[in-house]
Structure formats: C-alpha cells, structure tokens
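Colleague: Sequence and predicted structure below; questions after.
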Amino acid sequence: MTSISSNSVKKEIFIECHPETLFSFFTDPDKLVRWMGRHILLDPSIGGKYRIDVNGSDIAMGEYKEIIPHEKIVMTWGWEKSKTVPPGSSTVEFRLIPQDKGTLLFMTHYDLPESEVASHIQGWSHYMPRLQSIAQGQDPGVDPWSVQAMH
C-alpha cells in the first residue's frame, strides 16, 4: 500500500517579501514567466485556465481551483502531451504564511503517480529558489531549463 506522502511533493521556503508581493508571482503572467517557463497564458480566477510553456516542448496546463488573495492558491497541474501526468490529473497548493519580515511559502503537489514524484521534486527544487530570488528583488537570470527540452 502506498502512503499519501509517496504521491506528493512538499517543499517550503522562506522569502523576504510581503505575501502581497509573492502572491503576484502566481497571478501576473509577466511576473510568473520570470521564474518559470518562457511563455505564459493564465486567467487567475476560479476555473480559469493556465498554460506554462517551459521550453517549447514541455507545457504545463491546468486550472485555478481556489484563490484566496495573498494567502493561498490551488491549481490542477499536468503536462500537455503526458499520458502519466495529463493536464488536471494532479493538484498544486501554495500557502503563503506571513512570518517575521517575509513569507513562508508552503508548496504541496498532490496526486502524482509514484513514478513521477522524483522528477517533480527536481522541478520544484529548481523553481522555488528562482521564485525566492525574484520575489526578493534579485535576478536569477534566464532559466536554463527554458532553452532546452527536459525529456
């Protein structure tokens, strides 16, 4: 029997910025594209769809399920051409908790097939520090993943 934790990825990171600032990096395509992907389309409303073109080949798609301004974002997640993690087959939750002079960001990616957990750990381990840098006013540079196919 598989425990829930083996089908999810959990990460947390402290970011020195207000939750309001951090929240905009999930809802503003011009800000989101600075930390993930190279072309973004999104409609940040309940039931609104998003499309993140990571590198011209890998395209993440899903829709917003819950949006609590400056506190929480829940979206379905999947990959356009994937049979293992198709669009809408998994869920990503971001919780923004004010702490000290910044925000503690909790990310949980649920409902992943066990075979896909490792690659999604790698993915979020790549993107969370990029988000941290940008939200804190630093420039992590062009995402190296956006210029090459991952598969």
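Modeller: Okay, I see it. Numbering: from 1, shown residues only.

Colleague: Helix, strand, or coil at L105?
Modeller: Under the three-state scheme (DSSP: H, G, I helix; E, B strand; the rest coil), L105 adopts strand.

Colleague: Isn't it up against L96?
Modeller: Yes: contact criterion C-beta atoms under 8 Å: L105 and L96 qualify, at 6.0 Å. Just so you know, the C-beta spots here come from the backbone N, C-alpha and C atoms, and that holds for glycine as well.

Colleague: who touches both of these two?
Modeller: With contacts defined as C-beta atoms under 8 Å, 6 or more residues apart in numbering, the residues shared by L105 and L96 are L22.

Colleague: hang on, T91 packs against Y110?
Modeller: Yes: T91 is within contact range of Y110, at 4.6 Å (criterion: C-beta under 8 Å).

Colleague: more crowded one of these two?
Modeller: T91 (19 against 16; other C-beta atoms under 10 Å).

Colleague: Would you agree that one falls within a strand?
Modeller: Yes: counting by three-state DSSP, T91 falls inside a strand.

Colleague: That one bridge partners, please.
Modeller: T76, Y110 (DSSP bridges).

Colleague: Against which helices or strands is the helix or strand containing I13 packed?
Modeller: Taking DSSP states H and E as the definition, I13 sits inside strand 9-15. Using 3 or more C-beta pairs under 8 Å, 6 or more residues apart in numbering; DSSP states H and E, the elements in contact with strand 9-15 are strand 102-110, helix 117-135.

Colleague: what's next to the first one, contact-wise?
Modeller: The contact list for strand 102-110 (C-beta under 8 Å, 6+ apart) reads 7-19, 22, 77, 90-98, 120, 124, 128, 131.
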